[in-house]
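Q: From the sequence below, what's the structure:
(2 chains)
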Amino acid sequence: MPFRNPRRRAFALAAALAGAAVLSAPAAAASGPAQAQARGAHSQSTYSEADTASASSSGKTLTVGVTSTIDSLSPFLAQRALPTQIHRLMYDFLTNYDPTDDHPIGALATSWTTSADKLTWTYTIRDGMKWSDGQPVTAADAAWTYNLMMTNPDAATANGNFVANFAKVTATGNQLVITLKQPQSTMLALDVPIVPEHIWAGHVKDIGTFNNDTQFPVVGDGPFILTGYQKDQYLTLDANPDYWRGKPAFDHLVFKFYKDADSEVEALKKGEIDFVDGLTPAQYESLKGQSDIVTNDAPGKRFYALAVNPGATTATGQAFGDGSPALQNQQFRQALMYAIDTKTLVTKTLGGYGTTGSGYIPPVFSTYHWSPDPSTAYTYDPDKANQMLDAAGFKKGSDGMRTMPDGKPLNLRLMGETNRPDDTQDATYVAEFLKAVGIATTTSLVDQGKLGDTEVAGNFDLAFDSWTANPDPDAVLSIQTCATRPSAPGKTGATDDFLCDKNFDALYAKQITEYDPATRADDVKQMEQVLYTDAYINVLYYPDVLEAYRSDVIGSWDKQPQPKGVYWGQDGYWSFWSAKPAAASAASGSSSKSSSSSTGLVIGIVVVIVVVVGGGGLVLMRRRRTASAEERE
Amino acid sequence: MIADFRRRRAGMVGLGFLVLTALVALAAPLFISANDLSAAFAPGTPRQAPSGHFLLGTDAYGRSMVDVTIWGARISLTVGALATLLAVGIGALVGVVAGHFGGWTDTVLMRVTDWFLVLPVLVLATALASVLTPGVGTVVVAIGVTAWPTTARVVRAQTLSVESRPYIERAKALGGGHWHVMRVHILPNVMPLMLAQATLTVSAAILTEATLAFLGLSDPTKVSWGTTLQLARTVGAFSAGEWWILMPPGVAIVLVALAFTLVGRALEQVLNPRLQERM
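A: Predicted coordinates for the structure are as follows:
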């Protein structure tokens, strides 16, 4: 596919400004497979067409716009969502998730058995698979990968949690045998890329710093092979002709990095990219109904919650931080939820593209999702909130604002991230809802790193909190257990919100050893009920994923789950692997691809120029005049 | 002097516009209720196009853009005024002290001034605003401490010129101390210059406020022109083509900044007739 003449000059300015807006946005500190939403972190420089020589070679190309960044391309180090997705394309995992309903299916492993004591898992490795350099893929490669993560702390950076409970991993012939310390119900959800031993054995020494981006093509066994990468500019992959499930129909897959979703939307309209995800409701609606563009609105895998500081403690129970004591009152916390109208948040912030909150696991994972009985659900009821607050002793003063039961003033600090679009709006709404029941709040929106620091120090009252769940709920549940709290005050721990509930922990320990799916699902649902009643992590809503693609380039591709699912952020590689190019008409249609309406963008850019450049211009102008004032004397 | 100013049509137009804007901003609470500006209980649905009911449509919260733009003037003008007060205050102090004492004091103060002068204002203000807690106060401080060097330079120049006049020598001979000379003789002479400088600084301050708010460094829950634009960008109104959210605050910023510049220029010409041939 030849590159169309991109008229993106004007974007350079808008993009540069967006870059300035996130001058101080540091890399995400998300850990584990259930990563904090990475969208909103912007890349540092624009994509340059000249740099993708490899993409312009023959064959069909699918180009994807992304705004997030890559922390590392090493499967042992990468923690952010984007590289994790790309590893799905580069390496096969032991198991995969079915595209229709997310249940675990075979991938590198074709079958598996469990011993009677639940401690030994034996996987049969697929015959005839080859690495892209021709070497066979063996059980020894898998054993080597796991053993490295078990013995080398650097190699455990990204996925160490998956092997923490492994006692021994051995390979004999095509059998991979994993012996566990404790039974572990997540053995079919080991989201760990298996790497070729013959390549990686040479990198054991520098495994903590090797980013797997020095020698291309990178040897892999997934449906695509990584052929090139320029930080924050582009990443290219070629179809693996020998992939065991079948060669992908697109020959090349290119990821282009953009500063913000606005420029991605324009690029999609012009046909510079063929797919974009993470659209705002306004962008989504503007793309709806455009010719040659198909939009997709699917339930997301993410919850968006209001986290309440329970009184930060260390793993040994030492209290620290300065969370408001009011929040240790359960009735007070529940009253907060009765005071907030989550329907308004969904209609306004999400433009209706989402579902109001209930259980901790999003409804898209129907096996594990729990909803409260309507009689106990926190439905919007300010009168009830007022009654509960009165009953709990938080009396209203003469100004209509409530005080602590001991008469001290009550003012909750509400925190959010500047680069998570929802937070600004939701902070405004939540502050108003709470004010309506007499609770004063002070809102501060800070950058991701600063919010992280404040939370780690325990110096907050309320904070917006968002996590992506996986088909297996273990990881996202584990961050609410007592043991994940920090070892010392102010230290980073895996904990999300310093939560420590004995009932929750008991159920957590039970579900991880439960091999019967139905019983385990029941346990998980009970855990969600505990969280709901505790009201420390209050799920406000589950945002939909809004995506769009060019139907003149992509003829068809698979969603996950089906029928209402996503193309981007799948658990697996289904969309890119299954994508079929559109019929031949695509080539002639390029002239019609210039955007039909970019009025808003033009106005936006003009306004931005005035605001930003104008400020600088005035200063310059006045400096010149000052200089002449000097001369006059 | 007032008559002189009156003859300058551009200055008068600017002044008239500013008075009108200030009056509307001051009177805003009389015709815009708290409910009109409520986000959660907003009168309209988010991002509505202009209609008979909402002449300029609604913003991302569903508030009338007319109300939001008028209310935004309050913060923008307040921040502009406060930041200017701070900037001109620091500038005048540095300028008068440097010009009066001369010598080492002058050298040191002027080198500091030069240093601030070459620093890009926006970058310095951005850095300051991101270190301090985001909020309106921070924006005032960030603009104030970055915008003073020009005033300091101008005031120092005028101070030097006043210092060389014979009556200053006389005052000193009669036993007038530093404080006396600076307060009684110099300050009244640099005052008009400070006034002109202030009007020019205001427009820059308003623009910088909008810029900082647009970059997300102000308090986004407060209604100002900058935060309105910032919100529009956040929700993707730019690429969605929702011009009615972008236009009103954008145009308001341009007009107010222009008006202040017109007034400031006119004032400068009145106070310093030698500038006229250059204009």
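Q: Please, which helix or strand holds the residue nearest to the spatial centre of chain B?
A: Nearest to the mean C-alpha position of chain B, by Cα atoms, centre = their mean, lies B:Val202 at 2.1 Å. According to DSSP states H and E, B:Val202 maps onto helix B:187-214.
Q: right, and the helix or strand after that helix?
A: Next along from helix B:187-214, by DSSP H and E: helix B:225-234.
Q: circling back to that earlier point, name the helices or strands packed onto the helix holding B:Val202?
A: Here helix B:187-214 touches helix A:614-632, helix B:65-101, helix B:121-131, helix B:136-147, helix B:149-163, helix B:225-234, helix B:243-271, going by 3 or more Cβ pairs under 8 Å, 6 or more residues apart in numbering or on different chains; DSSP states H and E. For glycine as for every other residue, the C-beta is placed from the backbone atoms N, C-alpha and C.
Q: Quick one: distance of the third one to the chain centre.
A: Right, helix B:121-131. Taking Cα atoms, centre = their mean, to the nearest Å, one finds helix B:121-131 lying 16 Å from the centre of the chain it belongs to.
Q: what mean pLDDT would you report for that helix?
A: Averaging pLDDT along helix B:121-131 yields 78.
Q: ditto for the last one
A: Taken as a whole, helix B:243-271 carries a mean pLDDT of 89.
Q: Quick check: residues of the stretch 301-450 of chain A near chain B?
A: A:341, A:344, A:347-348, A:351, A:418-419, A:421, A:424-425, A:427-429, A:431-433, A:436, A:443-447 (Cβ under 8 Å from any Cβ of the partner chain).
Q: what about 10 Å?
A: Counting by Cβ under 10 Å from any Cβ of the partner chain, the residues of the stretch 301-450 of chain A close to chain B are A:340-341, A:344-345, A:347-349, A:351, A:414, A:416, A:418-436, A:441-447, A:450.
Q: Which members of the residues you listed are classed as buried?
A: Neighbour-count burial within those applies to A:340-341, A:344-345, A:347-349, A:351, A:414, A:416, A:418-436, A:441, A:443-447, A:450; the criterion is 16 or more other Cβ atoms under 10 Å in any protein chain shown.
Q: List the residues that contact the residue nearest to the centre of chain B.
A: Neighbouring residues of B:Val202 by Cβ atoms under 10 Å, 6 or more residues apart in numbering or on different chains: B:18, B:77, B:79-81, B:83-85, B:87-88, B:147, B:256-257, B:259-261, B:263-264.
Q: From chain A, how far out is it?
A: 10 Å (Cβ to the nearest Cβ, to the nearest Å).
Q: do B:Gly52 as well
A: From B:Gly52 to chain A the distance is 22 Å (Cβ to the nearest Cβ).
Q: what residue ranges in chain A score low on pLDDT?
A: Scanning chain A for pLDDT under 70 picks out the ranges A:1-57, A:584-633.
Q: okay, the angle between the lowest-mean-pLDDT helix or strand in chain B and helix B:65-101?
A: Here the helix or strand of chain B ranked lowest by mean pLDDT, DSSP states H and E is helix B:121-131, holding a mean of 78. Calculated by axes from the mean of the first three to the mean of the last three Cα atoms, to 10 degrees, helix B:121-131 forms an angle of 110 degrees with helix B:65-101.
Q: show me where the stretch 401-550 of chain A has strands.
A: Along the stretch 401-550 of chain A, counting by DSSP state E, counting those that start in this stretch, strands occupy A:411-417, A:440-446, A:462-468, A:537-550.
Q: Specify the angle between the second one and strand A:462-468 in degrees.
A: Regarding strand A:440-446 and strand A:462-468, their directions subtend 50 degrees when assessed with the same axes, to 10 degrees.
Q: Within its sheet, name the partner strands of strand A:440-446 and how each one runs.
A: strand A:411-417 (parallel) (DSSP bridges).
Q: The longest one too?
A: Sheet neighbours of strand A:537-550, with direction, are listed as strand A:275-276 (antiparallel), strand A:293-299 (antiparallel), strand A:302-308 (antiparallel), strand A:354-356 (antiparallel) (DSSP bridges).
Q: Let's have those strands in a markdown table, adding distance to A:Arg402 and mean neighbour count.
A: Below are the strands paired with strand A:537-550 laid out as a markdown table (distance: least, Cβ to Cβ, whole Å; neighbours: other Cβ atoms under 10 Å in any protein chain shown):
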| stretch | distance to A:Arg402 | mean neighbour count |
| --- | --- | --- |
| strand A:275-276 | 45 | 26 |
| strand A:293-299 | 37 | 19 |
| strand A:302-308 | 16 | 24 |
| strand A:354-356 | 26 | 22 |
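Q: Switch those over to a markdown table; also include distance to A:Thr110.
A: Formatted as a markdown table, these follow (distance: least, Cβ to Cβ, whole Å):
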| stretch | distance to A:Thr110 |
| --- | --- |
| strand A:275-276 | 32 |
| strand A:293-299 | 30 |
| strand A:302-308 | 32 |
| strand A:354-356 | 37 |
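Q: what's near enough to touch A:Trp568?
A: Going by Cβ under 10 Å, 6+ apart, A:Trp568 touches A:64, A:66, A:81-82, A:85, A:275-278, A:296, A:298, A:545, A:547, A:549, A:575-576.
Q: again, only using 8 Å
A: With contact set as Cβ atoms under 8 Å, 6 or more residues apart in numbering or on different chains, A:Trp568 has these partners: A:Val64, A:Gln85, A:Phe275, A:Asp277, A:Gly278, A:Val545, A:Glu547, A:Ser575.
Q: for it, helix, strand, or coil?
A: Three-state assignment for A:Trp568 (DSSP: H, G, I helix; E, B strand; the rest coil): coil.
Q: ok, so what distance separates it from B:Val223?
A: 35 Å (Cβ to Cβ, to the nearest Å).
Q: Measure how buried residue 193 is and give me the count.
A: Defaulting to chain A. By the measure other Cβ atoms under 10 Å in any protein chain shown, the count of residues near A:Pro193 is 24.
Q: my bad, the chain I had in mind was chain B
A: So B:Leu193, with other Cβ under 10 Å, has 22 neighbours.
Q: The residue nearest to it when sequence neighbours are not counted: what's it in contact with?
A: Take B:Leu193 and drop its neighbours on the chain: the residue closest to it by Cβ to Cβ, 6 or more residues apart in numbering or on different chains is B:Gln158, 5.2 Å away. By Cβ under 8 Å, 6+ apart, B:Gln158 lies in contact with B:Gly95, B:Gly99, B:Asn189, B:Val190, B:Leu193.
Q: Quick check: the second one touching B:Val155?
A: Yes: at 7.1 Å, B:Gly99 and B:Val155 qualify as touching, with contact defined as Cβ atoms under 8 Å.
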